[in-house]
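# A predicted structure for the sequence below; I have some questions about it.
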Amino acid sequence: MTAVDSSRPAYAGLPGRSLLRLGPVSVQVRRRAVLVAAVTAVLLAAAVVLSLSLGTPYVAPADVLRSLSGAGTPYDLVVRDLRLPRIVLAATAGAAFGVAGTLIQSVARNPLASPDVIGITQGAGLAATVAITTGAAAVLVAPAALLGGLAAALLLLALGARHGLAAQRFVLAGVAVAFALRALTEVVMLSADPIDGLRAQIWLIGTLAGRGWSETAWIALTLAVLLPVLAWAGWALNGAALDDDTARGIGLRPVARRVGLAVTGVVLAATVTAQVGAVDFVALVAPQVARRLVRAERPPLVCAALVGALLLVLADLVGRRLFAPTQLPAGVLTAAIGGPYLMLLLVRRRRRRSA
Amino acid sequence: MNRTPDTPGPMLSTRDVTVGYDERTVLDGLDVDLPTDAFTVIVGPNACGKSTLLRTMARLLTPRRGTVLLDGTAIRDLPTREVARRLGVLPQSPLVPEGVTVADLVGRGRQPYQRWWRQWSEQDSAAVDRAMAQADVAGLADRPVDTLSGGQRQRVWIAMTLAQDTEALLLDEPTTFLDLAHQVEVLDLLHRLRAERGRTVVAVLHDLNQAARYADHLIAMREGGVVAAGPPREILTADLVRDVFGLDCVVVPCPVTGAPLVVPGLTSPSLARPTAPAARPSVADADLPRVDSYPSKGI
């Protein structure tokens, strides 16, 4: 038997964690997560300023800051009216993707699960394609996509519910739903007018061009409504990695918990996808990058959100500038950045394992 | 801990419990009482329902019929968090979350005392430190669990259930997949918890001799029913082993502890080789060492 280490203070919490207290409320925070969040937030701010500054015309960062502060500069139109809405949308949507991805990956217990793997994106895509190709008003595309994403989520939950939403069933059901919906989308697109088909194609890739405040408002509203749920989810994720017997043993209700986390994740994913289109990879990559930076068994939601925001702002910036004046949709860039980065992580990890 | 010393009767018991999966009935109307402050071991052949019984008593399985009683109250009527403060469970092969550290995993045992707005307290820290010290894993606190050996890992899981601060501990085959030295290490830990901390310990074990060595109370099961229950020295006989496992054997006193030691009978004549070195006695006239000729300590 080892004696209790008396050098540890009486309420040290767990190693690497600090305890934030406010009256009866006490919250555990990983110190490394705070550091990661702070650094990511600074990088995000820098990326936003850079993105506001680059383009035609170029606006010096100092002028960007002056314009943002409301000083009234000749650049207000470019900075505040043309670029800012789109960049704020990128940050908001990226953050929401990061959170949705974290929740979905924890339920699936699979780092490769994301809204586009389990069919949410495809549901939204099918509904959006139908709306676009049948000539529905443009304002109806987003609501249709939202309903499509939620319908796919319902189908997924119904397929997985009989088995208590067990991880493997959840992923398999999702992959099946995704394939079926993608096939249907192809059918709709092929039988449609080619111009409409092309518009649908661009929606399916996902772009922030021509989007702004109203899309941001919808995502922000959803995040605000879900905030209390997310506060719970941040804590509930701790137990989500345990197997069901162990979880029941420590007094958790794993099935109810999984359903809660999955519903929150898919609602969020469907909302964002409906607003910005099928931007792939952010929801997949952001939680994994955040997890590795924090060096924890799962990423804290705040870190995943910040990494997601940074990723999408950068993807949008590069997409705008790389082949300017031709703009690449952000969805192309997220895939181009996200894919290789994830592969790099996997290779590095395997090397460390075998070392 | 929550109990008053004069609480009568067993802490955990089953009344007319029937459990099954799909069509198959595994336990049929079982009445079992687990004595308080004892180390109870459940033994029996594969698929006899011993794990099912343990999982049912730990409320991981819901019986089709009948009741599991925890201190006289039906366990299904108690909130699962409250049960988790009185009953710790270690499932057969728990999944280690990737990258989780020892202290982190042991800290999960404090879940039944926490809420999302009250995530940690002084008691939690104290309980985690105490649990890690008892299971002798304090030195590993910052190590990722998936880098530990099987024996260390099992001690970490036991520490997690100890952090729950429960009066009883239920373990499903805690020694399977461990080598002999680690098996003894885990069983010694469970024995100490019973002897020094007064916990009620219940475990499913495969090895009859280990069961006889460590158990205060033995439950032998066959085909979903209890064949015998009581102190191993009273009930573990050649007849019982034949009845439960269908195996002929000789039961002799263990040279170290004096507990019953089950030695399978001669199942094939060719096993009884007259051994070449003259020093080794033949099985037929086995000159079994006397109990008192062995040191009783230091094993």
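It's in. Keep in mind that this is a model prediction, so the values were computed, not measured.
# Please make it C-alpha for all contacts and neighbour counts, starting now.
Fine.
# what about residue 207, neighbour count?
As the question left the chain open, I've gone with chain A. By the measure other C-alpha atoms under 10 Å in any protein chain shown, the count of residues near residue A:207 is 24.
# I was thinking of chain B, sorry if that wasn't clear
If you count neighbours by other C-alpha under 10 Å, residue B:207 ends up with 14.
# which ones are touching it?
residue B:43 (C-alpha atoms under 8 Å, 6 or more residues apart in numbering or on different chains).
# For the stretch 201-350 of chain A, which residue gets nearest to chain B?
residue A:251 (4.2 Å; C-alpha to the nearest C-alpha).
# tell me the contacts of that residue?
B:80, B:81, B:82, B:83, B:84, B:111, B:112.
# May I see those arranged in a markdown table, with pLDDT, neighbour count and secondary structure as well?
Shown next, in a markdown table, are those (pLDDT from 0 to 100; neighbours: other C-alpha atoms under 10 Å in any protein chain shown; DSSP: H, G, I helix; E, B strand; the rest coil):
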| residue | pLDDT | neighbour count | secondary structure |
| --- | --- | --- | --- |
| B:80 | 93 | 18 | helix |
| B:81 | 92 | 19 | helix |
| B:82 | 93 | 14 | helix |
| B:83 | 94 | 22 | helix |
| B:84 | 94 | 26 | helix |
| B:111 | 91 | 24 | helix |
| B:112 | 92 | 20 | helix |
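# Nearest to chain A: which residue in chain B?
residue B:81 (4.2 Å).
# sorry, back to before: what residue, apart from its backbone neighbours, is nearest the residue of the stretch 201-350 of chain A closest to chain B spatially?
residue B:81 (4.2 Å; C-alpha to C-alpha, 6 or more residues apart in numbering or on different chains).
# about what we covered before: the residue of the stretch 201-350 of chain A closest to chain B belongs to a strand, doesn't it?
No - according to DSSP: H, G, I helix; E, B strand; the rest coil, residue A:251 belongs to no strand; its state is coil.
# On the pLDDT front, check it for me.
The score at residue A:251 is 91. That number is its pLDDT.
# how close does it sit to residue B:78?
When distance is defined by C-alpha to C-alpha, to the nearest Å, residue A:251 is 11 Å away from residue B:78.
# The residue nearest to residue A:119 when sequence neighbours are not counted: neighbour count?
Take residue A:119 and drop its neighbours on the chain: the residue closest to it by C-alpha to C-alpha, 6+ apart is residue A:178, 3.8 Å away. Residue A:178: 23 surrounding residues under other C-alpha under 10 Å.
# give me the element residue A:178 is part of.
helix A:167-190 (DSSP states H and E).
# So which bits of that helix are buried?
A:167, A:169-175, A:177-178, A:181-182, A:184-185, A:188-189 (16 or more other C-alpha atoms under 10 Å in any protein chain shown).
# so what's residue 173 up against?
Went with chain A since none was named. If a contact means C-alpha under 8 Å, 6+ apart, then residue A:173 has A:118, A:156, A:159, A:160 as its contacts.
# um, chain B though
B:92, B:203, B:204, B:205, B:206.
# cutoff 10 Å now
For residue B:173, the contacting residues are B:41-43, B:50-51, B:90-93, B:203-207, by C-alpha atoms under 10 Å, 6 or more residues apart in numbering or on different chains.
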